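1. make a model of this:
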Amino acid sequence: MDRLVDHLFVFEGDGVIRDFPGNYSQYRMSLDDQTEEGKNKEQGTRTKKPATSNQQPATRRLSYKEKREFDLLEKEIADLNKEKEVIAQKFNEGNLPFEELQDLSQRIGEVSTLLDAKEMRWLELSEMVDAGDR
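-> Residues are numbered from 1 along each chain as shown. Now for the predicted structure:
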């Protein structure tokens, strides 16, 4: 049944229907957690409930180092894009010797890899900035 559903409507009786986002096993685990929590409250102790995958990750603000990195990434990405354009223009000229073509093709691969990595990091940091603004 877990493979068939990812969302449940739980009929609790007396006309109460609860919406549960998850499969049947997750629902059973949440019921077990609730019964454990009820027993612990009766005994006067509290246990921490394990984090579920449905919860939103905790948002945090950027540190000074991350803010600085975010600002530098924008400049580095722009520089790498310019370098990539210069290499593409040299390729389009069509009169380069073989060795230089080989070096440029290797460099454009390196630039593309660096650009992808820096853009991904920039995206991660920008999401943290957006989450911190909320």
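2. by contact count, what packs against the worst-scoring helix or strand of the chain on mean pLDDT?
-> When the helices and strands of the chain are scored by mean pLDDT, DSSP states H and E, helix 24-43 comes last with a mean of 80. On a contact count with 3 or more CB pairs under 8 Å, 6 or more residues apart in numbering; DSSP states H and E, helix 24-43 meets strand 8-13, strand 16-20. Where you see a C-beta, it was placed from the backbone N, CA and C, and this is true even at glycine.
3. and the longest helix for this protein?
-> Across the chain, the longest stretch assigned as helix under DSSP state H is helix 98-133.
4. for that one, which positions count as buried?
-> 104, 108, 111, 115, 118, 121-122, 125, 128 (16 or more other CB atoms under 10 Å).
5. where does pLDDT dip in this structure?
-> 1-2, 44-60, 132-134 (pLDDT under 70).
6. next, the residue in it sticking out farthest from the centre: phi, psi?
-> If you look at how far each residue of the chain sits from its centre, by CA atoms, centre = their mean, the farthest one is residue 95, at 44.3 Å. Main-chain dihedrals, residue 95, degrees, to the nearest 10: phi -120, psi 30.
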